[in-house]
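Trainee: Sequence and predicted model, in that order:
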Amino acid sequence: MCDLGRMLEDGLGCDPDPEASYKWYANVKFDVVKLDRGLIAGMASSAISRMLVRDIVQICQTGGMTCVAEGVETPEQASALMEAGCQYAQGYYYGRPMPAELFWEKYLRGREPAGVEG
């Protein structure tokens, strides 16, 4: 049963013809696919979550899309993402949000872009 109100509150849609949705997704190429923190949080304890992440990462790799995991908070989550082949992640495990200037000073200052010789 489809509870449209609940699904819209959760940011999802309801399609009376699921096949139409599959056709749409099969023909769309996204630049970036972000894995929600809720899915990432379940990876440590749920084989289904790990399988979903692995399969989404594989679809992204095959389709030339970037896959980013959001909300990584533990070393176990980071490890599970690496095992799944996810190359990009963000979250408190890596660092707290910071102003761009501080990020530049902390991580980029003094480094030359790849392929540029000084």
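Mentor: Looks like it came in fine.
Trainee: Could you report the neighbour count for Tyr88?
Mentor: Residues lying near Tyr88 (other Cβ atoms under 10 Å) number 14. Backbone N, C-alpha and C define where each C-beta goes, glycine included.
Trainee: Let me fix that, I meant to ask about Tyr92.
Mentor: Neighbour tally, Tyr92, other Cβ under 10 Å: 11.
Trainee: where does the protein have its least confident helix or strand?
Mentor: Using mean pLDDT, DSSP states H and E, helix 4-9 stands out as the lowest-scoring helix or strand of the chain, at a mean of 55.
Trainee: now the strands: where do they sit in the protein?
Mentor: Taking DSSP state E as the criterion, the chain carries its strands at 32-35, 66-69, 88-89.
Trainee: Buried deepest among those strands, which one?
Mentor: strand 66-69 (a mean of 20; mean count of other Cβ atoms under 10 Å).
Trainee: Only alpha carbons, please: show it as PDB.
Mentor: Output of strand 66-69 as PDB, limited to C-alpha atoms (Å, rounded to 0.1, in the frame of the first residue of the first chain):
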ATOM      1  CA  THR A  66      30.600   9.600  -9.100                       C
ATOM      2  CA  CYS A  67      29.300   8.000  -5.900                       C
ATOM      3  CA  VAL A  68      29.600   9.900  -2.600                       C
ATOM      4  CA  ALA A  69      28.700   8.400   0.800                       C
END
